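Enquirer: Fold the stuff below for me.
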Amino acid sequence: MIALGIESTAHTYGVGIADDRGRILANVNEVFRTERGGMKPIEVTEHHYRVAKEVVMRAIEQGGVSYKDIDLVGFSRGPGLGSTLLVGAIVARVLAEKLKVPLVGVNHAIAHIEIGRLMARAQDPLIVFVSGGNTQIMVNSGRAFRIVGETLDIGLGNALDKVGRGVGLPFPAGRLMDDIEGRWISLPYTVKGMDLAFSGIVTEALRRYKNGAKLEDVVWSFMEVTFSMLVEATERALAYTTKDELLLVGGVAASPRLREKMGLMCKDRNVKLKVTPPEYSRDNGAMIAYTSILCYKIHGALKLNESSIKPRWRVDDVDWPLLPLPSLDDA
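Expert: Got it, this is the predicted structure:
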């Protein structure tokens, strides 16, 4: 089975092609960028409409397949920005109807987890999902993902974007912030058991910047504090769940600084750290394509009149047993 998947939850419009042996045949992504102002929904939605057709065609070409080879079309159904989710949903519906193949709506968070499990060969780990709108620590119960810790306000990725925008960095700012080195300034540190909160730290970081603190000191200290908070909550979750394997997924998982901190903690606890490669940790079409095959096996296809988007679709609202990973021999 070969699936084409469309990602459009936020700033990335991506199209991937994967098969049921776990092979990624294509992964083409276009990211909305701006020099200032962050991500305005009307602008990013227009960006996705503008590149939609071209990205699909490039993915077909990169994958070395034709449209008649596609057996399944999947799309990010949620969570995400409503207007950008609609772009992917509309393109997916049109393709599925035209090709006369099943249509599948994928939970974006589960797609991050499943591409991470595939790439890192993680069987049943403690999962740390950290992206723009999400920061969650979870395990799979055998029937669904259960959250043991999460952000109480905004996701860590959004917090990074807010600070980046506030100090005048281009959007998305995360990759630039990773390379900034500075000196320590004191910022709030908010961990509540296995839950976290980031809004107050953002406010204080930007206040310090407006009062004359250097950009590099604010950015470096902000990342040092927030990443340390996440590592502390994760270590507590490892002790609680007794897992010996940790899987780090989501766009912020691409940060070398976060991977380093998690690695040191895991080494101290004799836990195996597994991380999604950067190409697949950030939002991408390949993760939707691969996960749409799993979703089809678990839940079947969607009827066209039942394929509405779900902007607030939580990962723990989805029945999702962990299926066996494809054999490396098959891949």
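Enquirer: contacting residues around the residue nearest to the spatial centre of the chain?
Expert: By Cα atoms, centre = their mean, the chain has its centre lying nearest to Gly250, at 3.4 Å. In this structure, Gly250 makes contact with 112, 128-131, 134, 157, 276, 281, judged by Cβ atoms under 8 Å, 6 or more residues apart in numbering. (Glycine included, C-beta is placed from N, CA and C.)
Enquirer: closest to Tyr67 among those residues?
Expert: Each of the contacts of Gly250 was scored against Tyr67 by Cβ to Cβ, and His112 proved nearest at 27.1 Å.
Enquirer: Skip ahead from the helix or strand where the closest one lies and say which helix or strand is next.
Expert: Here His112 sits within helix 108-120, counting by DSSP states H and E. Heading C-terminal from helix 108-120, the first helix or strand you meet, by DSSP H and E, is strand 126-130.
Enquirer: Report all helices and strands that that next one contacts.
Expert: Using 3 or more Cβ pairs under 8 Å, 6 or more residues apart in numbering; DSSP states H and E as the contact test, the elements touching strand 126-130 are helix 108-120, strand 135-140, helix 215-241, strand 245-249.
Enquirer: With only the CA atoms kept, save the first one in PDB.
Expert: To tie it back to what came earlier, the one meant is helix 108-120. C-alpha atoms of helix 108-120 as PDB (Å, rounded to 0.1, in the frame of the first residue of the first chain):
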ATOM      1  CA  HIS A 108      -1.000  15.500  14.000                       C
ATOM      2  CA  ALA A 109       0.500  14.500  17.400                       C
ATOM      3  CA  ILE A 110       0.200  10.800  16.700                       C
ATOM      4  CA  ALA A 111       1.900  11.300  13.400                       C
ATOM      5  CA  HIS A 112       4.900  12.900  15.200                       C
ATOM      6  CA  ILE A 113       5.000   9.900  17.500                       C
ATOM      7  CA  GLU A 114       4.700   7.200  14.900                       C
ATOM      8  CA  ILE A 115       7.300   8.700  12.600                       C
ATOM      9  CA  GLY A 116       9.600   8.900  15.600                       C
ATOM     10  CA  ARG A 117       8.900   5.300  16.600                       C
ATOM     11  CA  LEU A 118       9.700   4.300  13.000                       C
ATOM     12  CA  MET A 119      12.900   6.300  12.500                       C
ATOM     13  CA  ALA A 120      14.300   5.700  16.000                       C
END
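Enquirer: Mean confidence (pLDDT) on that helix, please.
Expert: Taken as a whole, helix 108-120 has a mean pLDDT of 97.
Enquirer: And for the longest one?
Expert: Averaged across helix 215-241, the pLDDT comes to 97.
Enquirer: Relative to the whole chain's centre, how far out is that helix?
Expert: 18 Å (Cα atoms, centre = their mean, to the nearest Å).
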